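Novice: Sequence first, then the predicted structure, then my questions.
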Amino acid sequence: MKKALKTEKEQIAYNCRKATLLIEKKQTIELTAREKMELQLHLAGCYICQVYEKQSIMINSMMKKAFTMHGDEIKLDTSFKEQLKQKIHDKMRNN
């Protein structure tokens, strides 16, 4: 059963969490019509999330530039990937 949000602060915090998730999602894949509407409505009244969106777009842009220097993509070598997979697997098994 879902917990009802009691206070106005809880409702605002929940909406901001959802908005930040949608902001990040929008930069990777297409949002549904409902998600677009929810985000647009939230951004219309939330200055903090407007700033977050601008910063997020700027950071993502900078990261893309950093990882595609001179048109060459940076790729991880296979041994590093395997070591990382093993560490993740071990960590999940221990939790």
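Specialist: Noted; the coordinates are in hand. Model, not experiment: these values are computed from the prediction.

Novice: Return the residue of the chain that is most distant from the centre.
Specialist: Distance from the C-alpha centroid of the chain peaks at residue 79, with 27.9 Å (C-alpha atoms, centre = their mean).

Novice: any idea how far that residue is from residue 32?
Specialist: Summarising the geometry, the distance separating residue 79 from residue 32, computed by C-beta to C-beta, to the nearest Å, is 40 Å. No exception for glycine: its C-beta is placed from N, CA and C like everyone else's.

Novice: Same question for residue 82.
Specialist: Using C-beta to C-beta, one obtains 36 Å as the distance from residue 82 to residue 32.

Novice: now do residue 77
Specialist: 37 Å.

Novice: Looking at the two, which is more packed in?
Specialist: For residue 77 versus residue 32, neighbours defined as other C-beta atoms under 10 Å are more numerous around residue 32 (11 against 8).

Novice: Name the single longest helix found in the chain.
Specialist: With secondary structure taken from DSSP state H, the chain has its longest helix at helix 47-67.
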